[in-house]
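S.K.: what would the 3D arrangement of this be:
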Amino acid sequence: MEKIYTIPVNEAFDACAEDKEKGCPFCEMYRCLEKKELEIILGASMMEPDIRIKTNEMGFCNKHFTMMLKRKNRLGLALMLESHLDHLKKEASGVNGLKKIGKINDSCYVCSRINNNFDKMFETAVWLYDKDKAFEEKTRNQSYFCMHHYHKFLTAGKGVLNKRKYADFEALVQKVNADYLETLQADVSWFCKKFDYRFKDEPWGNSKDSPERAIKFLTGSNEAEE
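M.R.: Numbering: from 1, shown residues only. Now for the predicted structure:
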């Protein structure tokens, strides 16, 4: 049951089922979208007049400016910044300058492009769960859904599935996270105990990176690059 719009969802669920360290499949989708958008914006499309108008008007958030700086095309980024700063200067000195600057500060071209596609992926995942028995198994095989995407996934399910199907869906997704949470909680607790002299000679087990994993579980991990 593969359609163009289901491919990135299936790929992310497959990748995260195969490599448990990837974590939440929706975080994986976001990373893929982010990487694609950064490649596009720092590629040939950067010089297209309609794209330049939008990047001038919206700017970029700190995260995506930082990610673009880490890439190779510093000249291309500088040319985009030159144009954006010129636009900013005109807006600041024009009518309703304060309001316009506030709007630019609160927007990001890359974020808007990602979110426009990303939000639809939750409904696509629920649709796959409803129509494709194999996707139900893929959902069961996930290590976890980060808490932000867990909420969005269940919310999308409630809007798409009938009551009986939603009850099964909710129980499955909740079990995936409950199983992971139990293990994570034990690892964090053991991490804490390791700082007690009575346990200093005991093995760390899987607890050494448990604070990082806990934060990733609680907040999601959308960084495309370290």
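
S.K.: contacting residues around residue 69?
M.R.: residue 77 (C-beta atoms under 8 Å, 6 or more residues apart in numbering). (Each C-beta comes from the backbone N, C-alpha and C, glycine too.)

S.K.: how much space between the residue in the chain sticking out farthest from the centre and residue 45?
M.R.: Largest separation from the mean C-alpha position in the chain: residue 198, at 40.2 Å (C-alpha atoms, centre = their mean). Residue 198 is 60 Å from residue 45, where distance means C-beta to C-beta, to the nearest Å.

S.K.: next one: residue 129
M.R.: 34 Å.

S.K.: more neighbours, those two?
M.R.: residue 129 (23 against 13; other C-beta atoms under 10 Å).

S.K.: secondary structure class for that one?
M.R.: helix (DSSP: H, G, I helix; E, B strand; the rest coil).

S.K.: okay, now the nearest residue to it once chain neighbours are set aside: neighbour count?
M.R.: Closest residue to residue 129 apart from its sequence neighbours, by C-beta to C-beta, 6 or more residues apart in numbering: residue 135 at 5.3 Å. By the measure other C-beta under 10 Å, the count of residues near residue 135 is 20.

S.K.: quick check: residue 76 touching residue 40?
M.R.: No. With contact defined as C-beta atoms under 8 Å, residue 76 does not count as touching residue 40 (11.8 Å).

S.K.: buried ones in stretch 168-177?
M.R.: 169, 173, 176-177 (16 or more other C-beta atoms under 10 Å).

S.K.: off-centre distance for that stretch?
M.R.: Centroid separation between stretch 168-177 and its chain, computed with C-alpha atoms, centre = their mean, to the nearest Å, is 21 Å.
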